[in-house]
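1. with the sequence up front, the predicted model follows.
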Amino acid sequence: MPSGDRRDAVKAMMRAGQRELVAELERLDGGARFGRSGGARLLEDGDVFERACIRSASTADDGFFAAGLSVVLHPRNPYVPAFEAHFRYCESGDLWWFAGTVDLSPCYGFAEDATHFHRTLKAYCDTWDPAFHAQAKRACDDHFRLPHRDEPRGIGGIAFDHLRLPGPDGWRRAAAFTVAGIATIAPAYLPIVRRRAALPHGERERRWQLCRRGRYVEFALVHDAAAARPTDAEAILMALPPLARWESGCTPEPGSAEAGLSSFLVPRDWAAETPVIAG
């Protein structure tokens, strides 16, 4: 496929993913709709999401081309984890490749949710190669860490880069795998939202959520921003949570549900776990 046709196909693929996710999240939220800000669709102050940003963008410069879809979701209820996904395509000269990341950042640990999330991602990865998930999960665990705190940001997910195959149908197969990844966002995350969005919570849980969002901001501004292209600055800022806090009081009480999060975030093979489902 000629380069121009590939670029048009990828831009259409990312825009289609954006449209579908906007429709899904508006139905789920019920209290707000997405507005437009350049190539981004932004929902704020909804019933379920305090901020949801879905951005489809492309850039071309001196033989380099990139297009991508970014999804960042900050829920209102502290028991609903924050979510982030990025899928992108790049060309440089005669080279092309696909890349993607999907990860989950909970404030409270629910094994049922973690197992569902990772099993859904594994099922997606297995359509490419049964050995791919372990590699992509490990890459995600390694990337989404705060080195200055020596702790994970969340429970990980998958991350891959420079995905390409030789042969006349290599591009088509890699593109199809990326389309399937975008389509996996909803079944991986939305059942968790529906399960937790109505759970009662109070000021304690809200305060903890804002402290955990502080970790998200630290990662975005200290690590992601350092590796970003200059044109990514707006996307990084739009994806930040609307509220966060930093304070010494964010140290949880021993034995509390908040204190249990640190052990919950330790990387493990969630896809192989048998969760205890509360009933």
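-> Structure received.

2. from Cys140, how far off is the residue nearest the centre of the chain?
-> Nearest residue to the geometric centre of the chain (Cα atoms, centre = their mean): Glu84, 1.8 Å. Here Glu84 is placed at a distance of 11 Å from Cys140 (Cβ to Cβ, to the nearest Å). Quick note: C-beta positions are derived from backbone N, CA and C, even for glycine.

3. who touches both of these two?
-> Residues touching both Glu84 and Cys140 (Cβ atoms under 8 Å, 6 or more residues apart in numbering) are Thr101, Val102, Asp103.

4. most neighbours among those, please name it.
-> Val102 (27 neighbours; other Cβ atoms under 10 Å).

5. distance-wise, check it relative to Glu26.
-> Distance of Val102 to Glu26, given as Cβ to Cβ: 21 Å.

6. same thing with Arg194?
-> Distance check for Arg194 against Glu26: by Cβ to Cβ, it reads 15 Å.

7. compare neighbour counts for the two and give me the winner.
-> Neighbour totals were compared for Arg194 and Glu26, and Glu26 leads with 18 against 12 (other Cβ under 10 Å).

8. contact partners for that one?
-> By Cβ under 8 Å, 6+ apart, the contact set of Glu26 is Ala32, Arg33, Phe34, Leu43.

9. try 7 Å
-> Under the criterion of Cβ atoms under 7 Å, 6 or more residues apart in numbering, the neighbours of Glu26 are Arg33, Phe34.

10. just the element for it, please.
-> Using DSSP states H and E, Glu26 sits within helix 3-29.

11. residues in contact with the helix or strand just after that helix?
-> Heading C-terminal from helix 3-29, the first helix or strand you meet, by DSSP H and E, is strand 35-37. With contact meaning Cβ under 7 Å, 6+ apart, strand 35-37 is reached by Leu42, Met238.

12. show me how far strand 35-37 is from its chain's centre.
-> Relative to its chain's centre, strand 35-37 lies at 20 Å (Cα atoms, centre = their mean, to the nearest Å).
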